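1. Need the 3D shape of this:
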Amino acid sequence: MEKVLFGYLALAILLSALFAVYAGNVIRSVLWLLVLFLHQAVLFLTLQAEFLAAVQIIVYAGAVLVLFLFVVYLINLREEVRLPRFLNSYPLAFLAAFGLLVAASIPLWKYQPTLRIGTLTPELILKEGHTQILGLHLFRDYLLAFEIAGVLLLVAVLGAVVLVRRIREGEL
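-> Below is the predicted model of the structure:
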């Protein structure tokens, strides 16, 4: 039963990702992303990672998709933008993709896993809980990276708003 559920979730995630990329309408792409994020949350539930499933729904399916819709309506896209094809030769594109795949898999041939034992034992996780351990790591060990990521996201949103406002006023 678990394999069937995993197969369904994997197929649904892959298909919704493809539909999101190839949808002709931006709103449909965002809706397909919503389907993807919800299936991914169920996948986290099957792995007994309830906190990650909740974060997946709250952050990605909630905040990020609302942000995408806000940007889409802010830009005011009426129709799909069509660009000329960059590469008309599909065999050459497949050959380049295969070459990149081979180049990316070369380090895997030499990989040897280390036998280091971490500090997070199953007993510690059961004692303290996933959420508390994750919070301690985020806000104690990686506080600077967490703050930098938040500032970068804020600057990106403000930059997008300024650019759209300039385009609407005809300054660019």
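
2. For this structure, which segments count as helices?
-> Remark: helices assigned in the chain by DSSP state H are 2-22, 26-46, 50-55, 65-75, 90-109, 122-128, 130-136, 143-169.

3. neighbouring contacts of the lowest-mean-pLDDT helix or strand in the chain?
-> Ranked by mean pLDDT, DSSP states H and E, the weakest helix or strand in the chain is helix 65-75, scoring a mean of 78. Helix 65-75 is contacted from outside by 26-27, 30, 33-34, 37, 157, 160-161, 164, using C-beta atoms under 8 Å, 6 or more residues apart in numbering. All C-beta spots, glycine's among them, are computed from the backbone N, C-alpha and C.

4. Run a quick neighbour tally on His39.
-> 20 (other C-beta atoms under 10 Å).

5. so the least confident helix or strand of the chain versus helix 26-46, what angle?
-> For helix 65-75 against helix 26-46, the angle by axes from the mean of the first three to the mean of the last three C-alpha atoms, to 10 degrees is 170 degrees.

6. let's number from 12 now, not from 1
-> Sounds good: first residue 12 from here, last item helix 76-86.

7. residues of helix 76-86 that come out buried?
-> Using 16 or more other C-beta atoms under 10 Å as the test for burial, helix 76-86 gives 76, 79, 82.

8. In contact with the residue nearest the centre of the chain, which residues?
-> With distances taken as C-alpha atoms, centre = their mean, Tyr71 lies nearest the centre of the chain, 8.1 Å away. For Tyr71, the contact set (C-beta under 8 Å, 6+ apart) comprises 48, 51.

9. want to throw the buried residues of helix 76-86 into a markdown table with distance to Leu149?
-> A markdown table is the format used below for these (distance: C-beta to C-beta, whole Å):
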| residue | distance to Leu149 |
| --- | --- |
| Leu76 | 23 |
| Phe79 | 24 |
| Val82 | 26 |
